[in-house]
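In: Here you go, sequence then predicted model.
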Amino acid sequence: MNAQDSIIIDVKNLRKVYTIGTERVIALAGIDMQIRRGEICCLFGPSGSGKSTLLNMLAGLEKPTTGEISIGGARIDKMNETQLADFRRNHFGFVFQSYNLLPALTALENVEMPMIFRGVDKDIRKKQAVKMLQYVGLKNRIKHKPTQMSGGQQQRVGIARAFVAHPPVIFADEPTGNLDTHTTYEVMNMMSAMVKKRGSTMIIVTHDDEIAAYGDHIIKIRDGKILEESWPKQQVAAAE
Ligand code: ADP
């Protein structure tokens, strides 16, 4: 495999300008970046720097003002809403800061959701969801609803839901923002182990340098631009 083959996300001159009344907010001011398959990539920067806007563009949740975004060779900036919804369903998993579980559904039913959208058979769906909940240590909570679980448990359901359908790319926006330090490590260790086991690619938005330490590739964002990029684990390996 040559270097080009292993690039899963390729972004060229990405700009996002919001217009509110007569005011223009330049949220992304020209981003060029590439993310490799199997990488944990952290979009790292202070509040208001443009991280979530960038993640939303990469995940096909918002349209760029200008620029190109290719994911696995597909130009998602050129897709219409239906194509995007389809692409997201088949390629992406999401972990949210506020978990975003459906409150009326049990842990099991929440984890089954991505497979329902993909038309997976009921028995297979249930088996896979139970297996994932077991993996994240919630075997005894499968019938619990979100309000009957702690924040850490809800986020573990969120992780099970994000990974259950084996998406090649996982997006996580401040995934531990509502969790205590101990639970933060638990959740981060679980997500990074799953990414490495599956060979998936994960993009994490964070302003916390302890979360960024999990990254293979760190992209520092300031004022809608890339301030600096680093691959700390490669540098450590090279030094050894
Ligand atoms: P971060 O995730 O780093 O905190 P954001 O991507 O949320 O930053 O925001 C970047 C900039 O874009 C901020 O100045 C923010 O106020 C602005 N912004 C984000 N979303 C919108 C929106 N929907 N409408 C107008 N301005 C927005």
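Out: Structure received.
In: My read is that residue 163 contacts residue 170, right?
Out: Yes: at 6.9 Å, residue 163 and residue 170 qualify as touching, with contact defined as CB atoms under 8 Å. All C-beta spots, glycine's among them, are computed from the backbone N, C-alpha and C.
In: Now the common contact residues for the two.
Out: Each of 93, 200 lies in contact with both residue 163 and residue 170 under the rule CB atoms under 8 Å, 6 or more residues apart in numbering.
In: Okay, the nearest residue to residue 94 once chain neighbours are set aside and residue 45: tell me how far apart.
Out: Excluding its sequence neighbours, the residue lying closest to residue 94 (CB to CB, 6 or more residues apart in numbering) is residue 171, at 5.3 Å. Counting by CB to CB, to the nearest Å, the gap from residue 171 to residue 45 is 16 Å.
In: Then residue 85?
Out: 29 Å.
In: More neighbours: the two, which one.
Out: residue 45 (23 against 13; other CB atoms under 10 Å).
In: can you pull the contacts of that one?
Out: 51, 207, 220, 221, 222, 227.
In: one step back: can I assume the residue nearest to residue 94 is in contact with residue 57?
Out: No: Residue 171 is not in contact with residue 57 according to CB under 8 Å; the separation is 10.8 Å.
In: among the contacts of residue 45, which two are most distant?
Out: 207 and 227 (13.4 Å; CB to CB).
In: if you count what's nearby, which of those two comes out ahead?
Out: residue 207 (17 against 12).
In: Could you tell me which residues of the chain lie near the ligand?
Out: Selection of the chain residues close to the ligand by CB under 6 Å from any ligand atom yields 18, 20, 25, 27, 45, 47, 48, 49, 50, 51, 52, 53.
In: Among these, which one lies nearest to residue 140?
Out: residue 52 (34.3 Å).
In: And for that closest one, the neighbour number?
Out: Counted with other CB under 10 Å, residue 52 comes out at 18.
In: pretty sure it is in a helix, no?
Out: Yes: Residue 52 sits within a helix when classified using DSSP: H, G, I helix; E, B strand; the rest coil.
In: Isn't it up against residue 172?
Out: No: if you go by CB under 8 Å, residue 52 and residue 172 don't touch, sitting 11.3 Å apart.
In: and for the two, which residues touch both?
Out: In contact with both residue 52 and residue 172: residue 205, using CB under 8 Å, 6+ apart.
In: Neighbour-wise, give me the winner out of the residues of the chain next to the ligand.
Out: With neighbours defined as other CB under 10 Å, the most crowded of these is residue 51; it has 26 neighbours.
In: So, low pLDDT: which residues of this protein?
Out: 1-5 (pLDDT under 70).
In: biggest helix in it by residues?
Out: When the chain is parsed with DSSP state H, its longest helix is helix 181-198.
In: Return the set of buried residues in it.
Out: If you call a residue buried by 16 or more other CB atoms under 10 Å, then helix 181-198 has these buried ones: 183, 184, 186, 187, 188, 190, 191, 192, 194, 195.
In: Same check on stretch 27-41?
Out: In stretch 27-41, counting by 16+ other CB under 10 Å, buried: 27, 28, 31, 33, 34, 35, 36, 37, 38, 39, 40, 41.
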